[in-house]
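Q: Fold the following.
(one chain, ligands or ions: 1)
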Amino acid sequence: MAILVTGGAGYIGSHTTVELLNEGREVVIIDNFANSKPEVLDKIKEITKKDFKFYQIDYLDKEKLEKVFEENKIEAVMNFAGYKAVGESVKKPLEYYENNISGAIVLLQTMQKYNVKKFIFSSSATVYGEPETIPITENCKTGGTTNPYGTSKLFIEQILQDLYKSDSTWDIAILRYFNPVGAHKSGLIGEEPQGIPNNLMPYIVRVAAGQLEQLSVFGNDYDTHDGTGVRDYIHVVDLAKGHIKALEKLEKEEKGIFVYNLGTGVGYSVLDMVKAFEEATGEKVKYKIDCRRPGDIAICYSNPKKAKQELGWEAQKTLKDMCQDSWRYIQKIKK
Ligand code: WQD
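A: Numbers count the residues shown, from 1 in each chain. Alright, predicted model coming up:
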């Protein structure tokens with residue numbers, strides 16, 4: 001029985017596919033390369049020495065998606081497909097709602113048709129909006145999202161809750177990622193956003209690599225230890241392993257819908273990240289203090305206790321690993 005990975009050529013999807021293959025799982029990937037590259041598929045094979053089936057399709061294309069279910073015995077679906085750039089989502093709300101929400105609905109309808117009821121959803125801490133308490137637990141209030149990307153995640157979570165209420169034979173895990181960073185230790189796969197990076201770590205590594213002139217620190221007047229924004233950065237391989245644990249839970253436990261924060265439980269500021277990167281790599285990161293970025297919040301980090309208790313999962317990798325693995329990746333793709 002195969003695991004269907006949508007968006008499996010993307011950043012989180014490719015790292016999770018590596019872990020699935022390492023566990024001896026049969027994998028089917030679908031991807032339309034909207035925010036990923038075909039060569040990632042070869043890199044996954046190079047890392048794992050394993051093969052998998054691949055379909056270049058858009059998950060919105062119901063006819064093509066049904067063909068995947070016709071041709072493969074799918075046991076469960078991990079849904080990574082979706083646009084994820086906060087700033088871009090503000091400029092293109094219709095594209096984000098269509099791709100992320102309609103895509104998820106077409107996927108879930110197709111699963112229903114083929115009686116595939118195990119679903120793992122790539123959600124985000126952004127659904128908490130301005131967190132009511134820190135560290136954030138899963139029962140913290142959600143809502144108040146400040147951009148269509150975050151709102152699309154919130155809507156899909158609501159769709160999943162309503163779906164489960166209508167049919168409790170579904171087995172659903174909603175995984176709320178904090179800030180994914182880093183890359184596989186081989187340096188063969190990593191985060192390669194198209195164009196100028198929106199996120200902090202990809203920006204830092206490109207400044208260190210001389211590809212960008214300097215980092216703009218978006219505000220140093222927040223109510224944090226050094227005035228700059230604090231986030232819960234989690235290594236993408238730890239995140240990937242969290243998906244394996246969630247799959248194992250769906251395979252052995254009673255039916256249900258489960259929500260987990262996937263974070264380290266530790267918050268680092270922007271300047272902490274700059275300093276950690278310089279210490280971990282010996283590279284200089286030029287920066288200037290700039291004004292705040294609209295929509296940013298001061299502090300966001302998780303209480304990851306529930307995932308530890310119920311999934312037997314906790315992040316293992318250090319901030320040094322995150323910095324060194326990110327740096328190794330950019331060095332490889334620069335060549
Ligand atoms: C982190 C910190 C910025 C860039 C978003 C989404 C989340 C996830 C990750 C997709 C903040 C500061 C950043 C820069 C800076 N999305 N910063 N200069 O906004 O916490 O989360 O991206 O996977 O769902 O909400 O991440 O990396 O953009 O920002 O000072 O050039 O770094 O202000 O404090 P964010 P980020």
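
Q: secondary structure element for the residue nearest to residue 8 when sequence neighbours are not counted?
A: Closest residue to residue 8 apart from its sequence neighbours, by CB to CB, 6 or more residues apart in numbering: residue 29 at 3.3 Å. C-beta: built from backbone N, CA, C; applies to glycine. Element membership for residue 29 (DSSP states H and E) is strand 26-30.

Q: and that strand, what does it pack onto?
A: Packing partners of strand 26-30 (3 or more CB pairs under 8 Å, 6 or more residues apart in numbering; DSSP states H and E): strand 2-6, helix 11-22, strand 53-55, helix 62-71.

Q: Just want the residue of this structure that's nearest the ligand.
A: residue 229 (2.2 Å; CB to the nearest ligand atom).

Q: ok, that residue touching residue 298?
A: Yes. With contact defined as CB atoms under 8 Å, residue 229 reaches residue 298; the gap is 6.3 Å.

Q: Pull up the overlap in contacts between the two.
A: Residues touching both residue 229 and residue 298 (CB atoms under 8 Å, 6 or more residues apart in numbering): residue 222.

Q: who's more crowded, those two?
A: residue 229 (25 against 18; other CB atoms under 10 Å).

Q: quick one, helices of the stretch 201-335 of the chain?
A: Under the criterion DSSP state H, counting those that start in this stretch, the stretch 201-335 of the chain carries helices at the ranges 236-252, 270-281, 305-311, 319-334.

Q: Outside of the third one itself, list whatever touches it.
A: When contacts are taken as CB under 8 Å, 6+ apart, the neighbours of helix 305-311 outside the stretch itself are 137-138, 242, 245-246, 248-249, 258, 260-262, 265, 313-314.

Q: got it, and the first one?
A: If you take CB under 8 Å, 6+ apart as the criterion, helix 236-252 is touched by 3, 11-12, 15-16, 18-20, 23, 75-76, 78, 118, 120, 171-173, 175, 177, 180-185, 190-191, 258, 260, 262, 264, 307, 310-313, 315-317, 325.

Q: who in the stretch 151-300 of the chain is up against the ligand?
A: 179-180, 198-200, 203, 215-218, 229, 231, 270, 293, 296 (CB under 6 Å from any ligand atom).

Q: how about 5 Å then?
A: 199-200, 203, 217-218, 229, 231, 270, 296 (CB under 5 Å from any ligand atom).

Q: Among these, name the buried ones.
A: 199-200, 203, 217-218, 229, 231, 270 (16 or more other CB atoms under 10 Å).

Q: Strands - which of these land there?
A: 217-218, 231 (DSSP state E).

Q: possible to save those as JSON lines with distance to residue 130?
A: Shown next, in JSON lines, are those (distance: CB to CB, whole Å):
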{"residue": "217", "distance to residue 130": "21"}
{"residue": "218", "distance to residue 130": "16"}
{"residue": "231", "distance to residue 130": "14"}
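
Q: From what I see, residue 90 and residue 150 are in contact.
A: No. Counting by CB under 8 Å, residue 90 stays clear of residue 150, with 10.3 Å between them.

Q: And the helices in the stretch 1-150 of the chain?
A: Counting by DSSP H, counting those that start in this stretch, the helices of the stretch 1-150 of the chain are 11-22, 39-48, 62-71, 86-91, 93-96, 103-113, 148-166.

Q: and the lowest-mean-pLDDT helix or strand in the chain, what does it pack onto?
A: Of all helical and strand segments in the chain, the minimum by mean pLDDT, DSSP states H and E falls on helix 86-91, at a mean of 91. Where contact means 3+ CB pairs under 8 Å, 6+ apart, helix 86-91 is packed against helix 148-166.

Q: mind listing what's buried in the helix it packs on?
A: For helix 148-166, by 16+ other CB under 10 Å, it's 148-157, 160, 163-164.

Q: residues in contact with it?
A: By CB under 8 Å, 6+ apart, helix 148-166 touches 82-86, 88-90, 92-93, 96-97, 100-101, 104-105, 108, 119, 121, 123-124, 126-127, 129, 142-143, 145, 170, 172, 174, 256-257, 259.

Q: Show me where the stretch 51-200 of the chain dips below the pLDDT cut-off.
A: The stretch 51-200 of the chain contains residues with pLDDT under 70 at 193.

Q: Output the helices of the stretch 201-335 of the chain in JSON lines; the columns should cover mean pLDDT and distance to residue 59.
A: Below are the helices of the stretch 201-335 of the chain laid out as JSON lines (pLDDT from 0 to 100; distance: least, CB to CB, whole Å):
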{"stretch": "helix 236-252", "mean pLDDT": "97", "distance to residue 59": "18"}
{"stretch": "helix 270-281", "mean pLDDT": "98", "distance to residue 59": "33"}
{"stretch": "helix 305-311", "mean pLDDT": "98", "distance to residue 59": "26"}
{"stretch": "helix 319-334", "mean pLDDT": "93", "distance to residue 59": "27"}
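
Q: want to try a markdown table for these, with distance to residue 58 as columns?
A: Converted to a markdown table, those look like this (distance: least, CB to CB, whole Å):
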| stretch | distance to residue 58 |
| --- | --- |
| helix 236-252 | 22 |
| helix 270-281 | 35 |
| helix 305-311 | 31 |
| helix 319-334 | 26 |
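
Q: wait, which of these is closest to residue 222?
A: Among these, helix 270-281 comes nearest to residue 222, with 9.4 Å by CB to CB.
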